[in-house]
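Asker: below are the sequence and a predicted model; questions follow.
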Amino acid sequence: MAGGDEGMKLAALLIFAVFTIANVEGQVLRRRPRPPPIRMPSRVEMTVAINDPDTIDKALACIEGLPCKLDQDYAVMLRRFGPELMMRGHCPRRLCTQEQAEEAKWLMTQIHRKYPKKYMSTVNRLVTRNAYRWG
């Protein structure tokens, strides 16, 4: 009888191990790959960019999804953060860290204050062209 108990325990342990491995593999398969980290420009770099209307025009074009004539790092950041920040006023947690969200929001606020017509034109084009979908 003692041998039967050992066999039951071994079978239960084996079943538990198989289900655990299957569950772990299933979770690995379901995970979405995280986008590569984005390098946020420093506050000094952003301030310099804000004071250059040509750079602002290029940045707003990137946000709209038009050909971007900025450095690739900035283009990726603007395409990912820009529409969400302009349309909803925040950066989603899945896209940026808390610090990045604060810096991106600061940048958009500065652009809105200094270039209100350009900013609102971009918002209007995002809405009318359906470049950004309300989820």
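Answerer: On my side now, so go ahead.

Asker: what's the domain layout of the chain?
Answerer: Domain ranges of the chain: 1-31, 43-128, per automatic domain parsing.

Asker: look at residue 35 and report its pLDDT.
Answerer: Here the pLDDT value assigned to residue 35 is 61.

Asker: one more: residue 91?
Answerer: Residue 91 carries a pLDDT score of 78 in this model.

Asker: nearest residue to it other than its sequence neighbours?
Answerer: residue 101 (3.9 Å; C-beta to C-beta, 6 or more residues apart in numbering). From N, CA and C alone the C-beta is placed, and that goes for glycine too.

Asker: you'd agree that neighbour is up against residue 88?
Answerer: No - between residue 101 and residue 88 there is no contact under C-beta atoms under 8 Å: 11.6 Å.

Asker: higher neighbour count, the two?
Answerer: Taking neighbours as other C-beta atoms under 10 Å, residue 101 and residue 88 compare with residue 101 leading, 19 against 12.

Asker: ok, now how distant is that one from residue 40?
Answerer: Distance of residue 101 to residue 40, given as C-beta to C-beta, to the nearest Å: 10 Å.

Asker: and what of residue 92?
Answerer: Distance, residue 92 to residue 40, by C-beta to C-beta: 15 Å.

Asker: the two: which has the busier surroundings?
Answerer: residue 40 (21 against 12).

Asker: and that one, what are its phi and psi?
Answerer: Main-chain dihedrals, residue 40, degrees, to the nearest 10: phi -80, psi 140.

Asker: assign a three-state SS to residue 5, would you?
Answerer: Following DSSP: H, G, I helix; E, B strand; the rest coil, we place residue 5 in the helix state.

Asker: residues near it, how many?
Answerer: Residues lying near residue 5 (other C-beta under 10 Å) number 9.

Asker: so what's the residue nearest to residue 63 when sequence neighbours are not counted up against?
Answerer: Distances taken as C-beta to C-beta, 6+ apart put residue 82 closest to residue 63, at 3.3 Å, once the chain neighbours are dropped. Taking C-beta atoms under 8 Å, 6 or more residues apart in numbering, we find residue 82 in contact with 59, 62-63, 108.
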